[in-house]
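Colleague: what's the 3D shape of this:
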Amino acid sequence: MRIGLVGLLVLNICGCGAMQGNTGDNASDTGRVPAVASGGPAAGPPPAIDVSSVDVPVAEPTADRPVALGAVVHPSQANPGDKVVLVVRAKMFAPWHIYAAEGPTGVGIPTRLQIDAPGWVAASAWALPAAHVEQSPLGPMSLYEGDVRFVAELQLADDAPAGQHAIAVTVTYQSCNDTQCLPPTK
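Modeller: As a prediction, the model looks like this:
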């Protein structure tokens, strides 16, 4: 049996099993893995892998849409029992930023990431990008600027079923520049 990753965040396990899918709306039905940027349940420490060469397509941010997000699972082929990485990329239009997942954020909303995957997927804690600390009238604030990546390692169970399976990531963030902040969004 081989696991193939087809499209953005669709896990495809090739083999003799039937297509499996999630239809539930809550964590107990969907096998939600609530790995959040500030820790969360971990199948191990954050991955120590260089994902800078992993292609994560992201639209260019604009002044009207200052944050653009994209995500992929890498590699595109895996077997049950293998580990793969989930890479979320955020690009910000200068001079916009989002608040860091960890560190002081003043009144800003820290970035949070949550994985929703089948129960046979165990996620590590998120490896976070380096934050830029800036002084403000409210004190120090940890920010992400430019082009950053968040990485979680996904351990596939030895008995992972064949078929396509959705892996969703919810990113909650607030974007601001020197003069304004937009409402928090997902």
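
Colleague: so where's this structure uncertain?
Modeller: Applying pLDDT under 70 to the chain flags the ranges 1-49.

Colleague: most distant residue from the middle of it?
Modeller: Relative to the C-alpha centroid of the chain, counting by Cα atoms, centre = their mean, residue 137 is the outermost residue, at 30.8 Å.

Colleague: now do that residue against residue 131, distance only.
Modeller: Between residue 137 and residue 131 the computed distance is 19 Å (Cβ to Cβ, to the nearest Å). In this view, the C-beta of every residue, glycine as well, is placed from N, C-alpha and C.

Colleague: likewise for residue 79?
Modeller: Distance, residue 79 to residue 131, by Cβ to Cβ: 36 Å.

Colleague: what's the answer for residue 53, then?
Modeller: As defined by Cβ to Cβ, residue 53 lies at a distance of 22 Å from residue 131.

Colleague: compare these two (neighbour count), which wins?
Modeller: Set side by side, residue 53 and residue 131 show unequal neighbour counts under other Cβ atoms under 10 Å, the larger going to residue 131 at 22 against 6.

Colleague: so who does that one touch?
Modeller: When contacts are counted by Cβ atoms under 8 Å, 6 or more residues apart in numbering, residue 131 is found next to 100, 102-103, 142-144.

Colleague: quick one: which of those sit in strands?
Modeller: The strands in this structure, assigned by DSSP state E, contain 142-144 from the contacts of residue 131.

Colleague: now, which of these sits nearest residue 59?
Modeller: Using Cβ to Cβ, residue 144 is the member of the ones in strands among the contacts of residue 131 that lies nearest residue 59, at 17.4 Å.

Colleague: so what's the residue count around the closest one?
Modeller: Taking other Cβ under 10 Å as the neighbour definition, residue 144 ends up with a count of 23.

Colleague: now it: closest residue in space that isn't a chain neighbour?
Modeller: Residue nearest to residue 144 in three dimensions, not counting chain neighbours: residue 98, with 5.1 Å by Cβ to Cβ, 6 or more residues apart in numbering.

Colleague: and the one you found, what does it touch?
Modeller: 67, 90, 92, 111, 143-144, 173-176.

Colleague: I'd like these as CSV, with secondary structure and distance to residue 58 appended.
Modeller: Compiled in CSV, the contacts of residue 98 are given as follows (DSSP: H, G, I helix; E, B strand; the rest coil; distance: Cβ to Cβ, whole Å):
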residue, secondary structure, distance to residue 58
67, strand, 10
90, strand, 8
92, strand, 11
111, coil, 15
143, strand, 19
144, strand, 14
173, strand, 14
174, coil, 19
175, strand, 15
176, strand, 20
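
Colleague: tell me which two of the residues you listed sit farthest apart.
Modeller: Checking the contacts of residue 98 against each other with Cβ to Cβ, the farthest-apart pair comes out as 90 and 176, at 13.9 Å.
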